[in-house]
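Engineer: Quick one, fold the following:
(one chain, ligands or ions: 3)
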Amino acid sequence: MGTERGWLWWPVCGMLACLVYVGLPDGRVSAVLSAVVGFASLVLLVAGVRRKAAAHRGPWWIFAAGLVAWVAGDEIYAYQAIVGGAHPYPSWADAAYLGAYPLFVVAIFRLTRERRLRELAAVIDTAMIATGLGLVYWLFVIGPIVRDDTMPALVRAVTAAYPTAGVLLFAVVGPLLIRPGRRSPSVWLLTLGSTAALAGNLGYTLLPGVDPLLDRAVFGAFLFSYCCFAGAALHPSGDDPVVRRPPPHDGWQRIAMLTASTLLVPAVLFAEAQRGTEHVDIEAIGVGAVILFALMLARLSGFFATVQRQSDQLEQLAMADELTGLANRRLFEQDLAVALRDGLVQVAVLDLNGFKEINDTFGHATGDQLLTVVAQRLREAVRDDDVVARMGGDEFAVLVREVSPAAMSAIAERISASLRCPAGANGQQLLVSASVGTAGNETGEEIDTDEMLRRADAAMYAAKRAGGGRHLRYTADLDAQATVRARAGAELRAALEAGQFHLVYQPIVELPAGRIVSVEALVRWTHPERGFVSPAEFVPIAEDTGLIVELGEWILRQACAQAVTWFAEYGAAAPQRISVNVSARQLAEPGFAGLVAAVLAETGLRPEQLVVELTETAVFDGGQALRTVEALHRRGVRIALDDFGTGHSSLTLLQTVPVDVLKVDKSFVDKVTMAGRHAVIATALIQVSDGLGLQAVAEGVETPEQADELYRLGYRLAQGYHFGKPVRQPDFVPDAVYSARP
Ligand code: C2E
Ligand code: MG
Ligand code: MG
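Structural biologist: Ligands and ions are numbered 1, 2, ... in the order given. Prediction:
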């Protein structure tokens, strides 16, 4: 018999054998059958236990010991009946039977216990059931036996021991019966077997000698329990037959059972009063009530401790940032409110620069790790009692009590410095920097949490605008500037809607003849009151407020449409290309390349007829801006680096950015006619440009001498007032005379 299926096989066979046993008359045949069932169960049980992992065998061996005692009891009983022809009472068989109960109780308890945490609760529950039930048994079954002087003491003791053992068994089987949740087959068989044994015990103690058939049924029930126990040990799940996922709280069944146990005391009193018994065992009821009460208290205190622990954990969770373990915004604001009430407070708010790029480029896992590293550095940069919080995203805040603004600035510097070392995240060495804004309540004004954070934020944004990993302290000026900016932003939007912008076009000519080959679109704002406003003034504001995205889209569409109109109108005389200036903010928009494609499709301009002019700083940081430029270049749009030579890494950029055109800055053109070393850069740049196969455009050419000199140096394209100012409609007529001398 393969033990794999044997676990079910044997209980089923055993059940049939037990039914046969109940039907047989008391005698040799039934004794043999009982012995076969008993010994076979024992052998199978031991076989099952030996197949288990060593760590799980302990309680099963106890179980086996109990079964050995029971089978031994059976054999002694049978031997006495067959050899002696009588059943002496009490006998060694009773000793064996009774001795097995504690073993079974311990083994069942250990085999079916829940997780360790709940073990104490389980013990208390078992004790409560045992006490309640024991009290009833004592009053109605055991007490009368013990008090019955007509019986010898040993008989009384053994007779009382059976119901006592039954109570103990019930205390472990009861919770098993009502337990919610999934049970393994092993637990099912344990439950079934111990229920059968319990039924046998109840029949034996409560209904002694009522009917011979009942007596046989009692023994049959015990026999059946042997088979179930063997099956439980044989099932592979019996390795660790604990119910896998106990419910997180007590089920209603358990609560009902405990309630019933406690209510037994008043119920007993009530029943006794009804019966009008003259001997009421007040001591027993009193002791039972006290024990139950104490157990209930113990259970409740455990319950309250659990509730307290869980609510503490919940509060912790609600106040901590999940990723970094720092305080979260809520806790920070709470602490800040308290600190503001108590005295001097300094707050720093910091925001990582370029974090979004890192996230986009290396993925969120790396981003998350970087945030963790930053959190740690912040923690290390301040004292333990300072509050460090993650306010959300890549924004952090630090709260320091009782320090001067100067000290806070020093702290902010320290923080910035600590962030400047490369951070290892997911195998990448990343450079981070943060813009830090600080604010405090040292002025003595009444400042609330929101205002404090707003001020630190304002300073942080100003620091960010100023660029790099800077630190700025809040001043009222910042608010004034912000107001001006906000007003200007609103004004720009209104201007866009009111159609106050228009474009002008400045020729880019071929040297030496001066033929227009291209035009650069430049935006103009005519304010109804202020008149002409320079783009140098409003473009930065538009970038700041983000309005440049909308304005830039309008400019792009307008310029492309204009170019197409000119092609239609002037044919071969029309400029071959149109240049449009694009700011960093526009390039940083992930949708920009798509927008350009859409506008080209809409207007019918070919990609190679469009030149996008960008400044070195826009693409210096790489990231989305660089990806946008690469996408545009792939589509065939030409890329020009504007004001070339004024940035701090012009030449490096030529290796990373796909460039077609270098627009050599006006400052180098201005000096080209001066003697000596001044012309060196203009000379060098044309060589670089030629060497790399790029086109160079000399910007800001104002005099014929400059044009001549540039031509002599090798420049073939130029732009400047000398050839034409930016106007709404340049003159494209072929022989218009803008000429540099040959
Ligand atoms: P930029 O792209 O370098 O444009 C060239 C600027 O130099 C223009 O000034 C132009 O009028 C001026 N300029 C051209 N030739 C000469 C010259 O011979 N002498 C002098 N002194 N100046 C000359 P503008 O139009 O005031 O534009 C200034 C800056 O504003 C532009 O510099 C560009 O960065 C920005 N800008 C202008 N239009 C737009 C636009 O449509 N979008 C964006 N994003 N920025 C624009
Ligand atoms: Mg330009
Ligand atoms: Mg320029």
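
Engineer: contacts and neighbour counts: CA atoms only from here.
Structural biologist: Noted.

Engineer: where does the stretch 151-300 of the chain have low pLDDT?
Structural biologist: Flagging of the stretch 151-300 of the chain using pLDDT under 70 yields the residue ranges 178-182, 208-210, 237-251, 277-278.

Engineer: Could you pull out the helices in the stretch 601-742 of the chain for me?
Structural biologist: Ranges of helices within the stretch 601-742 of the chain are 616-620, 623-634, 650-656, 666-670, 680-691, 704-713, based on DSSP state H, counting those that start in this stretch.

Engineer: Ok, which of these comes nearest Glu272?
Structural biologist: Among those, helix 623-634 comes nearest to Glu272, with 87.1 Å by CA to CA.

Engineer: if we can go back for a sec, please tabulate the helices of the stretch 601-742 of the chain in JSON lines and include mean pLDDT and mean neighbour count as additional columns.
Structural biologist: Compiled in JSON lines, the helices of the stretch 601-742 of the chain are given as follows (pLDDT from 0 to 100; neighbours: other CA atoms under 10 Å):
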{"stretch": "helix 616-620", "mean pLDDT": "80", "mean neighbour count": "20"}
{"stretch": "helix 623-634", "mean pLDDT": "92", "mean neighbour count": "19"}
{"stretch": "helix 650-656", "mean pLDDT": "83", "mean neighbour count": "14"}
{"stretch": "helix 666-670", "mean pLDDT": "93", "mean neighbour count": "20"}
{"stretch": "helix 680-691", "mean pLDDT": "92", "mean neighbour count": "17"}
{"stretch": "helix 704-713", "mean pLDDT": "95", "mean neighbour count": "19"}
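
Engineer: Which of those helices sits closest to ligand 1?
Structural biologist: Ligand 1 lies closest, by CA to the nearest ligand atom, to one member of the helices of the stretch 601-742 of the chain: helix 666-670, at 7.5 Å.

Engineer: CA atoms only for the closest one, dumped as CSV, please.
Structural biologist: These are the backbone C-alpha positions of helix 666-670, laid out as CSV (Å, rounded to 0.1, in the frame of the first residue of the first chain):
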residue,chain,number,x,y,z
LYS,A,666,28.4,88.5,-32.7
SER,A,667,31.1,89.2,-30.1
PHE,A,668,33.7,87.4,-32.2
VAL,A,669,32.5,89.0,-35.4
ASP,A,670,32.8,92.5,-33.8
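
Engineer: what's it packed up against?
Structural biologist: In terms of contacts (3 or more CA pairs under 8 Å, 6 or more residues apart in numbering; DSSP states H and E), helix 666-670 is packed against helix 680-691, helix 704-713.

Engineer: Centre of the chain to the last one, how far?
Structural biologist: Spelled out, that is helix 704-713. Chain-centre distance of helix 704-713: 65 Å, with CA atoms, centre = their mean, to the nearest Å.

Engineer: Please enumerate the strands of the stretch 201-350 of the chain.
Structural biologist: 345-352 (DSSP state E, counting those that start in this stretch).

Engineer: Can I get the helices of the stretch 601-742 of the chain in CSV including distance to Thr603?
Structural biologist: Putting the helices of the stretch 601-742 of the chain into CSV (distance: least, CA to CA, whole Å) gives the following:
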stretch, distance to Thr603
helix 616-620, 27
helix 623-634, 17
helix 650-656, 31
helix 666-670, 32
helix 680-691, 32
helix 704-713, 35
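
Engineer: which parts of the protein sit against ligand 1?
Structural biologist: Counting by CA under 6 Å from any ligand atom, the chain comes close to ligand 1 at 522-523, 534-536, 555, 581-583, 642-643, 700-702, 720-721, 726.

Engineer: Need the buried ones from those residues selected in ChimeraX.
Structural biologist: In ChimeraX, this line selects whichever of the residues of the chain next to ligand 1 come out buried by 16 or more other CA atoms under 10 Å:
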select :522,523,555,581,582,583,642,643,700,701,702,720,726
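
Engineer: The residues of the chain next to ligand 1: which ones sit near ligand 3?
Structural biologist: When contact is defined as CA under 5 Å from the ion, the residues of the chain next to ligand 1 meet ligand 3 at Asp642, Asp643.
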